[in-house]
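Student: task: produce atomic coordinates for the following.
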Amino acid sequence: MKLNFKDKKALIRVDFNVPLDKEYKITDDTRIREAVPTIRHILDQGGSAILMSHLGRPLEKLNADGSINKQKFTLMHLVKHLRKKLKAKVHFADDCVGKQAVKKAAALKPGEVLLLENTRFHPEEEAGE
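Tutor: Numbering: from 1, shown residues only. As a prediction, the model looks like this:
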């Protein structure tokens, strides 16, 4: 089946669970490189891509006070690398649901990408809800 993505927005679940070093630099971008052709296909057809992924298991590695270690597990660490690999404008939403994510998705222009924050910041993600 051939899909036309012109002026469409595609929500794509990607596997960007990549290893990061202590400075939050990607040490192996294989999973990102594997997703690039699919994302580029959409962008090249005049569509935009909204990407959702998880990174690590933040709910199993909470801070001492019981809060989520957002600094360690944020997908924001991947934005610069994605811009370089996709050769496209990549926006970031600091949540994967809610008003900001909806607003940023609505504002996407053809050829642009929106990376949503780590889905695993929500307990419902691992519960399959």
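Student: in the sheet, who's paired with Ala10?
Tutor: Beta-bridge partners for Ala10, by DSSP bridges, are Ala49.
Student: my understanding was that it contacts Ile42; is that so?
Tutor: Yes. With contact defined as CB atoms under 8 Å, Ala10 counts as touching Ile42 (5.0 Å). Yep, even glycine has a C-beta here, placed from its N, CA and C like the rest.
Student: give me the common contacts of the two.
Tutor: Taking CB atoms under 8 Å, 6 or more residues apart in numbering as the criterion, Ala10 and Ile42 both touch Ser48, Ala49.
Student: ok, the two, which is more surrounded?
Tutor: Remark: of Ala10 and Ile42, Ile42 carries more neighbours, 22 against 17, as counted by other CB atoms under 10 Å.
Student: in PDB, list the C-alpha atoms belonging to the helix or strand hosting that one.
Tutor: Using DSSP states H and E, the element containing Ile42 is helix 30-44. Extracted in PDB, the C-alpha atoms of helix 30-44 (Å, rounded to 0.1, in the frame of the first residue of the first chain):
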ATOM      1  CA  THR A  30      22.000   2.400  15.600                       C
ATOM      2  CA  ARG A  31      18.300   2.700  16.600                       C
ATOM      3  CA  ILE A  32      18.100   6.300  15.400                       C
ATOM      4  CA  ARG A  33      19.800   5.500  12.100                       C
ATOM      5  CA  GLU A  34      17.400   2.600  11.500                       C
ATOM      6  CA  ALA A  35      14.400   5.000  11.900                       C
ATOM      7  CA  VAL A  36      15.800   7.800   9.700                       C
ATOM      8  CA  PRO A  37      14.600   6.300   6.300                       C
ATOM      9  CA  THR A  38      11.000   6.000   7.500                       C
ATOM     10  CA  ILE A  39      11.000   9.600   8.900                       C
ATOM     11  CA  ARG A  40      12.700  11.000   5.900                       C
ATOM     12  CA  HIS A  41      10.200   9.300   3.600                       C
ATOM     13  CA  ILE A  42       7.400  11.200   5.300                       C
ATOM     14  CA  LEU A  43       9.300  14.500   5.300                       C
ATOM     15  CA  ASP A  44      10.300  14.200   1.700                       C
END
